[in-house]
Every structure is written in C-alpha cells, then in structure tokens.
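Peer 1: Just to be clear, the model below is a prediction. Sequence and coordinates:
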Amino acid sequence: MLVFHLFRKLIRSGRLTVIDAHGRTHHYGGQSLAGIAPVIVRLHDPRLHWRMGLRPSLAIGEAWMAGTLTVEDGTLYDFLALCVANLREARGGGSQGSRIDDATGLLRRFQQFNPLRRARRNVAHHYDLSDEFYRLFLDSDRQYSCAYFRHPGATLEEAQAEKKQHIAAKLLLQDGQRVLDIGCGWGGLALTLARTADVDVTGITLSTEQHKVAQRRAAEAGLAGRLRFALQDYRLQGGRFDRIVSVGMFEHVGVNHYRTFFDRIRDLLTEDGVALLHSIGRADKPGSTNAWIRKYIFPGGYVPALSEVLTAVERSGLYVTDIEVLRLHYAETLREWRRRFMAQRDRAAELYDERFCRMWEFYLTGCEVAFRHQGLMVFQMQLARRLDAVPLTRDYIHAEDTAMARRRA
C-alpha cells in the first residue's frame, strides 16, 4: 500500500510505528533522533492507506482534522518533526525547494495570483476570525508575527515588545514624519510608533475585523488625531511617506506581484525615506506553498526565497541598506502560541468547533516544526531610495534599541 511504501522510504532515522486501519502494526526507522521521541500513530480509515501515499502534504493534515489519524504514543509535534527531519536528510539538507508534490510548483504563479478582490477574500479567510479567538493565544498587544527573543527566558509579551522596538530602531523615527504601516493588523505596531515619536501614522489592512479593533484602540489611546487606519489595498494607497513598514504581510503578496509591491514602496517613499520589510522567508531556493496550508490556512500565500525578493527590489530601483535574518525566533514564538492555544482549547471549541481546533493545532505545530527543521526563517530588509538615507554602519540600530529600552523601563 502506498503509505507504507512512503514511510519505508522516508523514515530512516528515529522510530515510527504505524497501526493501520486493519489493526496491523508496521515499524520504521532505526537510530534515535536527538530531541524527537519514538512515535506510534494509528490510522482509523482504510482510505488513508492510499491517500497519504498519493498526497501526504495534504492528506496527513486532513486526517488529523478528521480524527482518522491519531498519535497513540508521543505527540503531534514528535510525529511531524520525525517526518520533516527525515525528509530534510533525504534531500541532502535542503528544505522546501525540493517537494514531494512536484506538480504543485508548476501551478504556483496561478495559486499566488492575488488581484484586489481575491486578496481581500484571502485575507478574510484567516484574519476575519473573531477578535476573542486571537486573544486566546496572542500577547496582550495582539502581535501576530515573529517575536524577537533578545534574552533567554523572555516572555512572549517581552519578546513582542522587543520586536516592535527593534523595528522602530531601524526606522530612525523623527518628530514630524509621516509613517505608513502596510498590513497593520490590530494596530499594535502603529500605536507603538506613534508613542515612540511625534509622528503621523497611517495603517492599512484588508481585514474588516482588524480594522475595527485598530480604530477602537487608536481612539482609546487618545491618538486618533495622528493615528488612523483604513481598509485599503497597498496598490491603491496614495501620498508620500518618510517611513514605510510592513510586518507579516508580504507573505500574502504573491510572487506575481513582487515587482508591483516594491514599485509601490518606491513611489510612496519620500526621496530620503526608509522602508522596513519584515517577512517569513525560506533559506534555500524558490518553492511552493504546502498544499494543506494553502487550502486551509493561507490561500494565496507564499513564503519567498531571498533570491526572489532581491530580484524584485533590484528592478524597482530601491537600495537594500540592511538585511537581518532571524533564525529560530519564530519557532520560539510558535511554541508559545501553541502552548497558550492548547491551554484555551476548550474556549476555542466553544467559539468554533472541534474540527477547527484540530486544524489550528496542526497549523501551529506544523509551522513550529518548519522553522526548527525545514529551513524557514524571518528576514528584516531595510530599503531606501538613496544610499545615504541611513548611517554608514549598523551601530545606530543598537544605539536606538538601547535608548528605547531605557525609556520603556
């Protein structure tokens, strides 16, 4: 049967036991894998014997959601980490550039075609869930992107505050500047920037739920005079801005639209302006979006290789003035989100249902595995229209970070 042939070829390290839908036991692997416990999984539906063999990246997640695949010994994290670690080893250390579902790569430009109407629909699919749901597992400022764990043992709240501070340091804010936040979420970063300096901030989002919450927060903070939020696509935004920031939004742009995105950044920036892009990236060559993630979590989404991003930046005429790669920070963020989600799982089931909870458990777990074992990372790319828009060395980032930390303390 296909799935047993797949596991026999894939699982060379670590130990996996599969109990099939007829009660028969199959053993795979050998030498233990550090940090990954032996795993026993049970298949409850005979159709999984061929479905998981044909399209494992989709069928495994769907089986978990349906409850037809369960982990009898070990955890879901152990099972996914075992599979991914072996897959990476089989590919000689490569991550997502080589794929099981190779045909998917041929369709990626169609899958990532995000004109205005489709972009709004894709955003609504994920980000228009209830505000109460996201409050179950995010930090108090509702930062839904990679935190910055500057110190071991930092809490999620501390690490998210450090992330916002680190971004503000790279923006070199000065009183009187106009700032644009593309993909502003629930407004937390925009609020931080407006409190850091006497700047005028415009935040844009395609999520009606996020827009509603962000507007309310600006009013409650007494900053509505110089902090505003709009339901707006970046392609339709007008005006000129001294600073532009985008955090966790670029993954939804789609490779077809990279040139448009960076051309728009160029046109919206003042001549001496600075932009900061914070995005998930892949450490190897271009690839395609995991089939399960694309179908259930982020339709139209794609995690780019740096080579794809830099090519589009070069064509736009912008200068890259700084790049920083955050390696395991998102894995730590996702582990904390997953811990908090599981602690509030009963409430999440009341808001939605059991299948939804299993879907989110699989999403948070699978993403953490990808950042630990599959070559995903986060990059922060600073851009400018002029080479002299920022100081000659990176020392100013540390100096700004330190000064802001003192003010926060």
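Peer 2: In hand now; what should we look at?

Peer 1: hey, let's count contacts and neighbours off CA atoms from now on
Peer 2: Will do.

Peer 1: phi, psi of residue 312?
Peer 2: phi -70, psi -40 (degrees, to the nearest 10).

Peer 1: Mind checking what secondary structure the closest residue to it other than its chain neighbours has?
Peer 2: Closest residue in space to residue 312, ignoring its immediate chain neighbours: residue 259 at 5.1 Å, by C-alpha to C-alpha, 6 or more residues apart in numbering. Of the three states, residue 259 takes helix under DSSP: H, G, I helix; E, B strand; the rest coil.

Peer 1: how many neighbours does residue 259 have?
Peer 2: Residue 259 is flanked by 17 other residues according to other C-alpha atoms under 10 Å.

Peer 1: got it, and residue 27?
Peer 2: Residue 27 has 15 nearby residues by other C-alpha under 10 Å.

Peer 1: That one and residue 288: what is the separation?
Peer 2: From residue 27 across to residue 288, the span is 31 Å (C-alpha to C-alpha, to the nearest Å).

Peer 1: Check residue 382 too.
Peer 2: Plainly put, residue 382 is 25 Å away from residue 288 if you go by C-alpha to C-alpha.

Peer 1: and what of residue 153?
Peer 2: Counting by C-alpha to C-alpha - residue 153 and residue 288 are separated by 34 Å.

Peer 1: Quick check: pLDDT value at residue 171.
Peer 2: Note on residue 171: pLDDT of 97.

Peer 1: correction: residue 354
Peer 2: With respect to pLDDT, residue 354 has a value of 97.

Peer 1: Over to residue 111?
Peer 2: At residue 111, pLDDT is 67.

Peer 1: do the same with residue 96
Peer 2: For residue 96, the model assigns a pLDDT of 39.

Peer 1: can you count the residues close to residue 285?
Peer 2: Residue 285 sits with 15 neighbouring residues when counted by other C-alpha under 10 Å.

Peer 1: Quick check: phi and psi at residue 70.
Peer 2: The phi/psi pair for residue 70 (degrees, to the nearest 10) is phi -130, psi 150.

Peer 1: show me where this protein has strands.
Peer 2: 15-19, 25-29, 39-43, 69-73, 178-182, 200-205, 227-231, 241-247, 269-282, 319-326, 376-384 (DSSP state E).

Peer 1: Now render the ones you listed as a markdown table, adding mean pLDDT and distance to residue 394.
Peer 2: As requested, the strands of the chain are exported to a markdown table (pLDDT from 0 to 100; distance: least, C-alpha to C-alpha, whole Å):
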| stretch | mean pLDDT | distance to residue 394 |
| --- | --- | --- |
| strand 15-19 | 96 | 46 |
| strand 25-29 | 95 | 47 |
| strand 39-43 | 97 | 46 |
| strand 69-73 | 97 | 48 |
| strand 178-182 | 98 | 22 |
| strand 200-205 | 98 | 25 |
| strand 227-231 | 96 | 29 |
| strand 241-247 | 98 | 18 |
| strand 269-282 | 98 | 14 |
| strand 319-326 | 98 | 8 |
| strand 376-384 | 98 | 11 |
